[in-house]
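Asker: Sequence plus the predicted model coming up.
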Amino acid sequence: MSAGGGTTFRKERSDAPDGFFAAEAAGLRWLAEARGVRTAQVVAVESAAIELERLQTAGPDRAAARAFGRALAVTHDAGALAYGSPPPGVEALFIGARPQPAAAEKTWGAFYARDRVLPFLAPAVAAGFLTETEAHVVREACAAIARGVFDDGDVPARLHGDLWHGNVLWTPDGVVLIDPAAHGGHRETDLAMLDLFGCPFLEDILAGYDERHPLADGWRDRIPVHQLHPLAVHAAGHGRHYGRAVTDAARQTLALV
């Protein structure tokens with residue numbers, strides 16, 4: 001349940017898992033420390049609730065989008081201790097309402113395959129949204145990723161981790177981010193999430209990002225690789241369409257190998 005009034009906004013969930021709102025609060029603060037993209041300020045956090053500053057929204061525009069892209073690059077460049085590392089003081093990580101593992105990997109591929117894609121396949125199959133044959137294709141793609149086919153030597157970036165357009169709030173003062181699944185990962189993962197569900201003025205966001213931190217050659221080709229995680233999460237609980245989509249992304253990934 002969400003409620004609020006005045007200058008704050010309160011989210012409550014009586015069945016919140018242990019550490020759920022603590023992880024959200026820590027993620028917002030950790031991202032804010034990067035002094036890149038602004039995040040919603042945490043006013044208070046409890047085991048079953050979080051209270052945030054109330055934000056005034058505004059329509060998106062190209063200038064704000066470009067500024068967002070530049071700021072996102074700054075946030076990413078603030079870095080993380082390792083691939084999969086959580087914000088300081090956090091033990092439990094979540095993507096939406098689903099738990100996901102923390103890690104301390106030196107290489108991105110090993111972390112991403114093991115901790116961001118594979119954990120969601122069994123629930124997707126059990127839900128009837130992914131077939132065993134399709135799951136095999138996704139596992140093949142994960143095996144290639146885990147071997148390091150897409151490791152590029154970039155250092156772990158400070159990721160929002162759930163950067164779909166619903167977590168991008170446009171305000172009179174620019175973009176403010178909410179609801180992170182913050183961890184150390186690959187910068188292209190946040191950008192692939194923006195692309196997955198669409199974001200206003202995406203090309204302007206990307207142009208601003210590239211101004212601040214030039215993107216590696218071929219990054220657009222690798223978008224399906226980085227979309228495997230959110231698609232697997234959705235395949236675990238949001239319908240058969242996502243089972244087909246994660247399989248298609250896996251086939252595109254294998255085509256790059």
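Answerer: Cool, got the structure.
Asker: Phi first, then psi, for V45.
Answerer: Backbone torsions for V45, taken as degrees, to the nearest 10, come to phi -140, psi 140.
Asker: what bridges to it?
Answerer: Beta-bridge pairing for V45 (DSSP bridges): I50.
Asker: Quick one: the strands in the stretch 51-200 of the chain, in order.
Answerer: Ranges of strands within the stretch 51-200 of the chain are 93-95, 98-100, 157-159, 168-171, 174-177, 183-185, based on DSSP state E, counting those that start in this stretch.
Asker: Nearest approach to F20 belongs to which of these?
Answerer: strand 93-95 (6.0 Å; CB to CB). C-beta coordinates here come from the backbone N, C-alpha and C atoms, glycine included.
Asker: remind me which residues of this structure are low pLDDT?
Answerer: 1-5 (pLDDT under 70).
Asker: nearest residue to the residue most central in space within the chain other than its sequence neighbours?
Answerer: With distances taken as CA atoms, centre = their mean, the residue of the chain nearest its centroid is G161 (2.0 Å). Spatial nearest neighbour of G161, chain neighbours left out: A181 (3.5 Å); criterion: CB to CB, 6 or more residues apart in numbering.
Asker: how near is that neighbour to P224?
Answerer: According to CB to CB, to the nearest Å, A181 and P224 sit 20 Å apart.
Asker: More neighbours: these two, which one.
Answerer: Legend: neighbour count by other CB atoms under 10 Å for A181 and P224, higher for A181 (26 against 23).
Asker: Now do the same contact list for the more buried one.
Answerer: Under the criterion of CB atoms under 8 Å, 6 or more residues apart in numbering, the neighbours of A181 are G27, L93, F94, I95, G96, Q100, H160, G161, D162.
Asker: And the furthest pair within these?
Answerer: Going by CB to CB, the pair spanning the contacts of A181 furthest: Q100 and H160, at 14.1 Å.
Asker: Was I right to think N167 contacts V176?
Answerer: No. The pair N167 / V176 is not scored as a contact, 9.7 Å apart, by CB atoms under 8 Å.
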